[in-house]
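**Q** Pasting a predicted model and its sequence here:
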Amino acid sequence: MDHELKLLENVKRAVDLCAAPGSWSQVLVQSMRPLQTDGKHIVAVDIQDMAPIPGVVCFKGDITFDETPSKIIELLGSSKADIVICDGAPDVISASPFSPLKARSEEHTSELQSHHDL
């Protein structure tokens, strides 16, 4: 997909939400090489434990909790993410458009966007 669309071209900062087991984080590492020498950063977060991935800052967190967006921003060095990847699927109960989980997720997305618009 990236070969055709070039979505990851020139990406220097990336966030992988609902990242476990880490497949997309590994794709990001491959496309963003070299990571250590040019300020490129990948932050991955999931509610489950993840095995370490070289070149990725992984942490256990719930994207619906207030402290998680702040932690992501901190780990990015208060810099804007070029891309956010999320392939997480909500629980059946929280799939309702009136779900408190959905409302909190939208609120945190807005928080991340407004922080980066500064």
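**A** Received it, and whenever you're ready, just let me know what you need. Quick caveat: nothing in here was measured; it's all calculated off a predicted structure.
**Q** which residues of this protein score low on pLDDT?
**A** Low-confidence segments of the chain, defined by pLDDT under 70: 1-5, 34-40, 90-118.
**Q** so where do the helices sit in it?
**A** Residue ranges of the helices in the chain, as given by DSSP state H, are 2-5, 23-31, 67-75, 100-116.
**Q** quick one: buried residues of the third one?
**A** Buried residues in helix 67-75, counting neighbours by 16 or more other CB atoms under 10 Å, are found at 68, 69, 72, 73, 75. (Glycine included, C-beta is placed from N, CA and C.)
**Q** Now do the same contact list for the last one.
**A** Contacts of residue 75 were listed using CB atoms under 8 Å, 6 or more residues apart in numbering, and they are 41, 43, 57, 59.
**Q** Out of these, which comes closest to residue 20?
**A** Nearest to residue 20 among those: residue 59, at 11.4 Å, using CB to CB.
**Q** And for the closest one, the neighbour number?
**A** A count of neighbours around residue 59, defined by other CB atoms under 10 Å, yields 15.
**Q** is it true that it touches residue 45?
**A** Yes. Using CB atoms under 8 Å, residue 59 is in contact with residue 45, at 5.6 Å.
**Q** Now residue 79: closest residue in space, sequence neighbours ignored.
**A** Of all residues not flanking residue 79 in the chain, residue 13 sits nearest, at 5.8 Å (CB to CB, 6 or more residues apart in numbering).
**Q** and that neighbour, bridged to which residues?
**A** residue 41 (DSSP bridges).
**Q** okay but it is in contact with residue 32, surely?
**A** No. With contacts counted by CB under 8 Å, residue 13 stays clear of residue 32, the gap being 9.2 Å.
**Q** ok, the two, which is more surrounded?
**A** Regarding residue 13 and residue 32, a neighbour count based on other CB under 10 Å identifies residue 32 as having more, with 22 against 19.
**Q** so how far is residue 48 from the more buried one?
**A** Distance, residue 32 to residue 48, by CB to CB, to the nearest Å: 23 Å.
**Q** and if you look at residue 77?
**A** For residue 77 relative to residue 48 (CB to CB), the value is 25 Å.
**Q** got the contact list for residue 8?
**A** 2, 14, 27, 28, 31, 32, 83.
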